[in-house]
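K.L.:
Sequence plus predicted model, see below.
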Amino acid sequence: MEPEWMAWTLPTALFFIGIAIILAAMTLWQVASPTVERRGPPPMVTTRGDRLFIGL
């Protein structure tokens, strides 16, 4: 029997491409303007990248 592989449909590919673009943009933003930690509604100090990860 052949193994079943994940079907890479267009929506699936666009989703992962979108995440890759967001991560690349966040990297460039971090290089251009280093982040400042801040305290949000949950009582914890987060960076821009932390908030993106929590949001995803």
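P.N.:
Alright, I've got the coordinates. Since the model is a prediction, treat every value here as computed from it, not as a measurement. Residues are numbered from 1 along each chain as shown.
K.L.:
Please enumerate the helices of this structure.
P.N.:
For the chain, the helices defined by DSSP state H occupy 10-32, 48-55.
K.L.:
looking at the ones you listed, which is closest to Arg38?
P.N.:
helix 48-55 (9.1 Å; Cβ to Cβ). The C-beta positions use only the backbone N, C-alpha and C, and glycine is treated the same way.
K.L.:
Pull the distance from the closest one to the chain's centre.
P.N.:
Per Cα atoms, centre = their mean, to the nearest Å, the displacement of helix 48-55 from the mean C-alpha position of its chain is 7 Å.
K.L.:
Between helix 10-32 and that helix, find me the angle.
P.N.:
If you take axes from the mean of the first three to the mean of the last three Cα atoms, to 10 degrees, helix 48-55 sits at 160 degrees to helix 10-32.
K.L.:
Buried ones in helix 48-55, by neighbour count?
P.N.:
Using 16 or more other Cβ atoms under 10 Å as the test for burial, helix 48-55 gives Arg48.
K.L.:
Just the CA trace of it, in CSV.
P.N.:
Output of helix 48-55 as CSV, limited to C-alpha atoms (Å, rounded to 0.1, in the frame of the first residue of the first chain):
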residue,chain,number,x,y,z
ARG,A,48,5.8,42.0,19.6
GLY,A,49,6.8,38.4,18.6
ASP,A,50,5.2,37.0,21.7
ARG,A,51,1.9,38.7,20.9
LEU,A,52,2.0,37.4,17.3
PHE,A,53,2.6,33.8,18.6
ILE,A,54,-0.2,34.1,21.1
GLY,A,55,-2.5,35.5,18.4
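K.L.:
Remind me what it packs against, helices and strands.
P.N.:
helix 10-32 (3 or more Cβ pairs under 8 Å, 6 or more residues apart in numbering; DSSP states H and E).
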